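Novice: Following is a predicted model, sequence given first.
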Amino acid sequence: MLLADTVPQTAPQPAPSPVGSVRAATADASWRQDGGDPGRSGHQPVTRDLDAAAATRLEQRWAAPATRADEQIGGAVVVDGTLFRSSGGRTGQIRRYDAVTGRDLGAIVDVPGRRFGQLAVVDGTVVVESADIVPFDVPGHGAVPAGRHLSAYTSSGETRWELVLADAVSGGFTIGDGLVVRSAGATLSAHRLTDGAQVWTAPLGGEPGYHPPVLAGGLVLQATEDGPALLAFDAATGAPAWQRKASGAELAARSGTVYTLGPAGVCAYAVTDGAQRWCDTTTVERPSRATVSDEALFVVGGTGDLAAFGVADGAVRWRSGYGLGWETSTSYWSPVNGGGVVYLMAYHFDVRDGDPRHRTELVAADARTGALVTRLDLDFSALHGAEPLLLSADHVYFAALEALFALAPDLR
């Protein structure tokens, strides 16, 4: 799937702050893992310059391409003014960038033959999932994964611990309550963040596919595609807490409620006992991903629609659309929200006069009304879906396969 070329990095920038230093613009506004928090709510509670008015003036501030041939960016997080990103190809890296200027601060981890993917930086520990690459090409497939690892490093790149993982389908890991929780195949496992020791495992009775667990209220919640079903386990012991039928396997949790999305619609359940609070089966066609604030759940559909539901009762607050009238308008990425704005990445495809055309853009919508306040093209040539979208106090970041993009409002 080919689009336009990536945008080159800007000219030399001012010197960055040291890693771990606190900037006024981003203090208490880090984005330490996918989804921003253990519930994967996608909510940024601290915003400075990014309200609905500022979102109308979003512009690209910088773009940092992958640094080596055949390299692809895998994950990205922002911690106290430093952006960490993982990548992989025939060699794997974790690099740092000044989150405001985009200045490259260099690699802290560089492992030949390793493809680095999902990344998190929590409690001073850098956690990354990776796959070994066979040192030869398989005809028709290129280099292929040979083994999987979950590794933890210090912020300067020293190894703290590393686990060899079973080669089974997984949606990734989530960190909370001092644990790294990961589902693979039909098993949920929890490891201590400090040393990687396995604390417990639990059978799921079904496959979660590419859907990660979430943590909320002292429980680990995981949905399976079989059923679908929503299961809760005690975070400390792994003991089963409750199980319910669910609308789908994609999860987000915030303020005592866990939300499921899938073929049967959008549903909300109490974290404590799984009691169903509300369900909506008709408003959004093919609901796929969501982000939630303290007031509303924002749901992205697979046919160019976006809707907001009241968290208390599921009442539809508004319904909007991000389609262009093309053959396909969809989103393969989790949205985020903060400062009264919902951000999503949209992909559009169409064929005109026999020629295919593509467009990938960042869309910002007013969280109160659903009105689209900006659309900004991001030019890159390839995608696979699930690349991370991040929101700090004053920047939006997107980690495309080929480059990191940083966007901020023009404040002139």
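Specialist: Received the coordinates, thanks.
Novice: Strands along the stretch 51-200 of the chain, start to end?
Specialist: 58-65, 72-79, 82-88, 91-98, 104-112, 114-122, 125-133, 145-153, 159-165, 172-176, 179-184, 187-192, 198-203 (DSSP state E, counting those that start in this stretch).
Novice: And those: which comes nearest Gly217?
Specialist: With respect to Gly217, and counting by C-beta to C-beta, the nearest of these is strand 172-176 at 10.6 Å. The way it works is simple: take the backbone N, C-alpha and C, and place the C-beta from them, glycine included.
Novice: Which residues does the closest one contact?
Specialist: For strand 172-176, contacts defined as C-beta atoms under 8 Å, 6 or more residues apart in numbering pick out 32-35, 37-38, 40, 117-118, 120, 122, 127, 129, 150, 180-182, 193, 210, 212-215, 235.
Novice: Does Thr82 touch Arg96 like I think?
Specialist: Yes: if you go by C-beta atoms under 8 Å, Thr82 and Arg96 touch, sitting 5.4 Å apart.
Novice: so what does the lowest-mean-pLDDT helix or strand in the chain touch, helix or strand wise?
Specialist: Lowest mean confidence among the helices and strands of the chain (mean pLDDT, DSSP states H and E): strand 145-153, at a mean of 86. Packing partners of strand 145-153 (3 or more C-beta pairs under 8 Å, 6 or more residues apart in numbering; DSSP states H and E): strand 125-133, strand 159-165.
Novice: Check the gap between Val181 and Ala197 for me.
Specialist: Counting by C-beta to C-beta, to the nearest Å, the gap from Val181 to Ala197 is 14 Å.
Novice: Same question for Val342.
Specialist: Distance of Val342 to Ala197, given as C-beta to C-beta: 39 Å.
Novice: between the two, who's got more neighbours?
Specialist: Legend: neighbour count by other C-beta atoms under 10 Å for Val342 and Ala197, higher for Val342 (27 against 11).
Novice: And the helices in the protein?
Specialist: 52-55 (DSSP state H).
Novice: pLDDT below threshold where in it?
Specialist: For the chain, the stretches flagged by pLDDT under 70 are 1-28, 134-146.
Novice: Specify the residue positioned farthest from the middle of this protein.
Specialist: Asp353 (36.0 Å; C-alpha atoms, centre = their mean).
Novice: For the residue lying closest to Leu165 once chain neighbours are set aside, which residues count as its bridge partners?
Specialist: Leaving aside its chain neighbours, Leu165 sits nearest to Arg148 (3.9 Å; criterion: C-beta to C-beta, 6 or more residues apart in numbering). According to DSSP bridges, the partner residues bridging Arg148 are Ala131, Leu165.
Novice: Show the contacting residues for Arg148.
Specialist: By C-beta under 8 Å, 6+ apart, the neighbours of Arg148 are 129-132, 164-167.
Novice: Please apply the same query to Tyr343.
Specialist: Listed by C-beta under 8 Å, 6+ apart, the contact partners of Tyr343 are 55, 335-337, 362-365, 389, 391, 396.
Novice: So Glu158 versus Ala152, what's the distance?
Specialist: According to C-beta to C-beta, Glu158 stands 10 Å off from Ala152.
Novice: okay, the two: which has more neighbours?
Specialist: Neighbour totals were compared for Glu158 and Ala152, and Ala152 leads with 23 against 11 (other C-beta under 10 Å).
Novice: in the sheet, who's paired with the more buried one?
Specialist: Under the criterion DSSP bridges, Ala152 forms beta bridges with Val127, Trp161.
Novice: Tabulate the helices and strands packed on strand 145-153 (JSON lines), appending distance to Thr328 and mean neighbour count.
Specialist: Shown next, in JSON lines, are these (distance: least, C-beta to C-beta, whole Å; neighbours: other C-beta atoms under 10 Å):
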{"stretch": "strand 125-133", "distance to Thr328": "30", "mean neighbour count": "23"}
{"stretch": "strand 159-165", "distance to Thr328": "34", "mean neighbour count": "14"}
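Novice: that older thread, tell me the buried residues in the least confident helix or strand of the chain?
Specialist: Under the neighbour-count criterion of 16 or more other C-beta atoms under 10 Å, strand 145-153 has 148-153 buried.
Novice: tilt between that strand and strand 91-98?
Specialist: 40 degrees (axes from the mean of the first three to the mean of the last three C-alpha atoms, to 10 degrees).
Novice: now strand 145-153 against strand 114-122, angle please.
Specialist: Interaxial angle, strand 145-153 versus strand 114-122 (the same axes, to 10 degrees): 30 degrees.
Novice: just the angle between strand 145-153 and strand 159-165, please?
Specialist: Going by the same axes, to 10 degrees, strand 145-153 makes 150 degrees with strand 159-165.
Novice: send the alpha carbons of strand 145-153 over as PDB?
Specialist: Taking Å, rounded to 0.1, in the frame of the first residue of the first chain, the C-alpha atoms of strand 145-153 are listed here in PDB:
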ATOM      1  CA  PRO A 145      10.900 -13.800  13.000                       C
ATOM      2  CA  ALA A 146      12.700 -16.700  14.800                       C
ATOM      3  CA  GLY A 147      11.900 -16.000  18.500                       C
ATOM      4  CA  ARG A 148      10.300 -13.500  20.800                       C
ATOM      5  CA  HIS A 149      11.500 -11.700  23.800                       C
ATOM      6  CA  LEU A 150      10.300  -9.300  26.500                       C
ATOM      7  CA  SER A 151      13.100  -7.100  27.700                       C
ATOM      8  CA  ALA A 152      13.600  -4.500  30.400                       C
ATOM      9  CA  TYR A 153      16.400  -1.800  30.400                       C
END
